[in-house]
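# predicted model and sequence below, questions to follow.
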Amino acid sequence: MARALPASRHERQRSTGGYLPIEDHGIVGNLHTVALVGNEGTIDWFCPGRFDAPSLFGSILDSEDGGCFSLQPAGERFTTKQLYLPGTAVLVTRFFTEGGVGEITDFMPLEDSSCSIVRRIEVVRGSVRFRVACRPAFDYARAPHRLAVDGQLATFLAADGMCELRSATVPLEADGDMAVAELTLARGERASFTLSVGKAGPVWDEDAVEVAFRATVDFWRRWIGQSTYRGRWREVVDRSAITLKLLTYLPTGAVVAAPTTSLPEHIGGPRNWDYRYCWLRDSAFTMFAFLRLGFREEAFAYMAWLHGLGYQRHDGVPLQVMYTLDGQSDLKEFELTHLSGYRDSPPVRVGNGAADQLQLDVYGEVIDAVYLAERGGMPLSYTLWVKLRTILDWLAENWDQPDESIWEVRGGRREFTYSRIMTWVAFDRAIRIQTKRGLPADTRAWRLARDAAYEWVMTHGWSEARQAFNQYADSDVLDASVLILPLVLMIAPSDPRMLSTLDAIRDDLVSDSFVFRYDPEEAADDGLPGREGSFSLCSFWYVECLTRAGKLDEARLVFEKMLGYANHLGLYSEEIGASGEALGNFPQAFTHLGLISAAFDLDRALG
């Protein structure tokens with residue numbers, strides 16, 4: 001899947017203002033955080049310690065001042081290709097120069113408490129001269145630092161943090177506040193550079209690097225070897241599973257929606273959001289994807305995180321939409337005005353104001369996750385059942401309120417059809433659990449609310465004019481979120497209403513394999529200016545709906561086309577632009593879990 005790139009960094013900077021396209025990145029991680037590695041040898045995003053920590057390298061959000069760790073051929077024209085070592089999260093970037101071929105192997109050791117990034121250079125043909133340049137920018141580039149260089153060790157000191165760059169073989173030099181080195185390697189020769197954050201890291205000589213490399217490769221291959229998927233698309237499903245694992249915060253089991261903030265859904269902004277938190281909706285869907293592939297430990301870790309949440313907001317609402325990695329509720333949103341944003345697309349945001357929204361659909365996703373985990377063998381504790389009973393009793397009295405729903409609109413609350421669908425899911429799954437387990441509960445109000453939500457969807461959620469399920473009550477506005485209907489078993493996939501909805505969505509919201517959430521300019525005002533790209537999760541939901549409706553040829557074609565819009569490493573952002581470019585935060589859990597689910601269903605339907 002690798003592909004050749006433009007001839008030099010200089011040419012790329014002239015064409016895109018110093019920014020690599022979003023899709024020209026891979027990620028490495030240690031189950032606490034990740035680093036985005038560009039295919040020209042630059043680390044353009046890295047938040048040390050945990051996903052939502054202040055960035056140390058942030059050149060993807062400000063190419064001049066954001067901080068970067070560059071390792072590439074010195075003064076030579078080159079092309080590159082990137083690939084993952086099969087079955088791992090170890091990334092290889094290959095440089096092709098006139099004098100030879102060199103490789104950088106990037107990985108993050110999982111047993112290293114100092115949160116290290118290891119970058120190993122090896123030349124496999126001829127000889128190549130490399131230049132190393134490391135300039136961190138602490139605290140989202142708000143904190144200056146001092147640099148001290150002592151032979152093969154460079155120490156960067158800021159007011160509230162430090163990091164070390166250690167070379168295993170060559171001396172480092174200071175160039176202002178940047179550590180640099182140049183070295184020439186011939187075929188078979190290696191050199192390593194390791195960045196450690198927060199405290200003095202281990203002494204990384206070449207032997208230590210080799211031991212860490214082998215341990216990291218072994219970990220990932222053992223982990224993906226547990227997957228039970230053996231279908232037609234095993235390679236891309238495995239890559240999506242590894243990506244979801246990389247987005248998991250090991251200490252708590254929380255899953256971030258994406259490891260980045262403020263990558264724009266439309267170049268020029270302002271649809272830029274911080275996704276480095278755990279959405280109840282996204283993580284519940286991710287748990288289902290893990291369960292489908294046989295990763296019970298990850299699914300159960302999420303359930304343990306869910307169990308530990310506080311179940312009362314300040315306004316009396318039981319659950320918040322999203323939480324921090326350790327279950328805290330303070331996600332106050334603010335802007336970093338000193339950063340220019342990706343390709344001058346401000347604002348750059350930290351925190352997320354949508355945490356305070358009312359999104360009633362999350363109760364359906366959470367309780368469906370509990371139902372699926374219980375079916376998958378995780379015993380439902382009495383403590384969690386008591387919490388769920390409280391939630392369901394509240395929901396029975398409040399399910400028909402206007403809300404902001406799945407797309408977190410900022411144009412005001414409405415009676416969204418998707419939220420009513422997931423209300424039905426919440427009560428349906430809770431009643432199933434209660435009936436099967438004989439758990440104590442007064443379910444009369446739940447049953448009344450379940451039936452009322454169903455009737456609401458079939459009346460107010462249906463547009464006679466469009467012959468399709470709509471976005472909000474009694475409207476003629478289309479929304480791809482209603483593709484969830486047959487996936488949650490609320491309606492048969494071949495029901496005439498669902499088939500006509502598929503036709504309407506195909507006519508208005510589908511372009512080739514691209515599926516748009518809705519049309520924000522013409523029909524559905526979401527409170528924000530500008531357009532956005534197609535929403536890849538909706539494309540995979542569309543594949544599932546076609547599959548379950550028996551339209552297998554069409555489903556397979558759309559699915560295969562969507563595979564063609566992954567980047568060279570099999571990674572997806574949130575959205576796809578008009579020219580096939582990645583838009584939005586990257587990589588996106590929603591997209592990868594959607595791919596897994598679509599591949600699973602389509603493969604089973606094809607036999």
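Here it is on my side, so go on.
# show me which positions of the longest strand seen in the chain end up buried.
When every strand of the chain is counted residue by residue (DSSP state E), the longest turns out to be strand 116-135. Judged by neighbour count (16 or more other Cβ atoms under 10 Å), strand 116-135 contains these buried residues: 116-123, 128-135. (Each C-beta comes from the backbone N, C-alpha and C, glycine too.)
# that one pairs with which strands?
For strand 116-135, the pairing partners within the sheet under DSSP bridges are strand 68-73 (antiparallel), strand 100-107 (antiparallel), strand 178-186 (antiparallel), strand 190-197 (antiparallel).
# list the contacts of the shortest one.
Counting contacts by Cβ atoms under 8 Å, 6 or more residues apart in numbering, the residues outside strand 68-73 that touch it are 9, 40-44, 46, 57, 59, 78, 95, 97, 102, 104, 117, 119, 121, 128-136, 193, 195.
# which other helices and strands does the next helix-or-strand element following that strand contact?
Under the assignment DSSP states H and E, the closest C-terminal helix or strand after strand 68-73 is strand 79-84. Under the contact criterion of 3 or more Cβ pairs under 8 Å, 6 or more residues apart in numbering; DSSP states H and E, the helices and strands touching strand 79-84 comprise strand 91-96.
# who are the packing partners of the strand it packs on?
Taking 3+ Cβ pairs under 8 Å, 6+ apart as the contact cut, strand 91-96 packs with strand 25-29, strand 79-84, strand 100-107.
# identify the residues contacting that strand?
The contact list for strand 91-96 (Cβ under 8 Å, 6+ apart) reads 2, 26-28, 37, 39-41, 72-73, 78-85, 101-107, 128, 569.
# circling back: and the direction of the longest strand of the chain versus that of strand 25-29, what angle?
130 degrees (axes from the mean of the first three to the mean of the last three Cα atoms, to 10 degrees).
# what mean pLDDT does strand 116-135 get?
The average pLDDT for strand 116-135 rounds to 97.
# thinking again about what came up before, dump the helices and strands packed on strand 91-96 to JSON lines, plus mean neighbour count and distance to Val237.
Rendered in JSON lines, the data for the helices and strands packed on strand 91-96 read as follows (neighbours: other Cβ atoms under 10 Å; distance: least, Cβ to Cβ, whole Å):
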{"stretch": "strand 25-29", "mean neighbour count": "25", "distance to Val237": "18"}
{"stretch": "strand 79-84", "mean neighbour count": "20", "distance to Val237": "14"}
{"stretch": "strand 100-107", "mean neighbour count": "22", "distance to Val237": "22"}
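# for this protein, give me the ranges with low pLDDT.
Scanning the chain for pLDDT under 70 picks out the ranges 1-17, 199-201, 311-314, 521-525.
# give me the domain ranges for it.
With domains defined by automatic domain parsing, the chain comprises 9-224, 234-606.
# for the biggest helix by length in the chain, output the C-alpha coordinates as PDB.
Assignment by DSSP state H gives helix 417-437 as the longest helix of the chain. The C-alpha coordinates for helix 417-437 follow below in PDB (Å, rounded to 0.1, in the frame of the first residue of the first chain):
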ATOM      1  CA  THR A 417     -34.700  11.100  15.300                       C
ATOM      2  CA  TYR A 418     -31.400   9.400  16.100                       C
ATOM      3  CA  SER A 419     -31.800  10.100  19.800                       C
ATOM      4  CA  ARG A 420     -35.300   8.600  19.700                       C
ATOM      5  CA  ILE A 421     -33.900   5.500  18.000                       C
ATOM      6  CA  MET A 422     -31.300   5.100  20.700                       C
ATOM      7  CA  THR A 423     -33.800   5.700  23.400                       C
ATOM      8  CA  TRP A 424     -35.700   2.700  22.100                       C
ATOM      9  CA  VAL A 425     -32.400   0.700  22.200                       C
ATOM     10  CA  ALA A 426     -31.700   1.700  25.800                       C
ATOM     11  CA  PHE A 427     -35.100   0.400  27.100                       C
ATOM     12  CA  ASP A 428     -35.100  -2.600  24.800                       C
ATOM     13  CA  ARG A 429     -31.700  -3.800  25.900                       C
ATOM     14  CA  ALA A 430     -32.400  -3.100  29.600                       C
ATOM     15  CA  ILE A 431     -35.600  -5.100  29.500                       C
ATOM     16  CA  ARG A 432     -33.700  -8.000  27.800                       C
ATOM     17  CA  ILE A 433     -31.100  -8.000  30.500                       C
ATOM     18  CA  GLN A 434     -33.600  -7.800  33.200                       C
ATOM     19  CA  THR A 435     -35.700 -10.600  31.800                       C
ATOM     20  CA  LYS A 436     -32.800 -12.900  31.100                       C
ATOM     21  CA  ARG A 437     -31.100 -12.400  34.400                       C
END
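# list the buried residues of the next helix or strand after that helix.
From helix 417-437 onward toward the C-terminus, using DSSP H and E, the following helix or strand is helix 444-459. Across helix 444-459, burial judged by 16+ other Cβ under 10 Å covers Trp446, Ala449, Arg450, Ala452, Ala453, Tyr454, Trp456, Val457.
# now do the contacts for the second one.
So the one you mean is Ala449. Leu395, Ala396, Trp399, Thr423, Phe427 are the contacts of Ala449 under Cβ under 8 Å, 6+ apart.
# and the gap between the fourth one and His32?
By that I understand Thr423. Taking Cβ to Cβ, to the nearest Å as the measure, Thr423 falls 36 Å from His32.
# swap in the second one?
To His32, Ala396 is 39 Å away according to Cβ to Cβ.
# Thr390 now?
With the distance defined as Cβ to Cβ, Thr390 ends up 33 Å from His32.
# neighbour-wise, which of the two wins?
His32 (21 against 13; other Cβ atoms under 10 Å).
# helix, strand, or coil at Leu147?
Taken by DSSP: H, G, I helix; E, B strand; the rest coil, the conformation at Leu147 corresponds to strand.
# surely it touches Thr155?
Yes: with contact defined as Cβ atoms under 8 Å, Leu147 counts as touching Thr155 (7.3 Å).
# okay, now Gly341: neighbour count?
So Gly341, with other Cβ under 10 Å, has 25 neighbours.
# is it correct that it is in contact with Glu64?
No: taking Cβ under 8 Å as the contact criterion, Gly341 and Glu64 are not neighbours in contact, 12.0 Å apart.
# for Tyr277, which non-adjacent residue is spatially closest?
Computed as Cβ to Cβ, 6 or more residues apart in numbering, the closest residue to Tyr277 that is not its neighbour in sequence is Met322, at 4.7 Å.
# go on, Gly327?
Leaving aside its sequence neighbours, Gly327 sits nearest to Leu309 (Cβ to Cβ, 6+ apart; 5.2 Å).
# state the distance from that neighbour to Ser196.
When Cβ to Cβ is the yardstick, Leu309 and Ser196 sit 33 Å from each other.
# more crowded one of those two?
When Leu309 and Ser196 are compared for neighbours, Ser196 comes out ahead with 22 against 18, by other Cβ under 10 Å.
# quick one, helices of the stretch 351-500 of the chain?
When secondary structure is read from DSSP state H, counting those that start in this stretch, the stretch 351-500 of the chain shows helices at 361-375, 382-398, 417-437, 444-459, 484-487, 496-509.
# export those as a markdown table, with columns for distance to Val211.
Formatted as a markdown table, the entries for the helices of the stretch 351-500 of the chain read as follows, by distance: least, Cβ to Cβ, whole Å:
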| stretch | distance to Val211 |
| --- | --- |
| helix 361-375 | 37 |
| helix 382-398 | 41 |
| helix 417-437 | 47 |
| helix 444-459 | 56 |
| helix 484-487 | 45 |
| helix 496-509 | 52 |
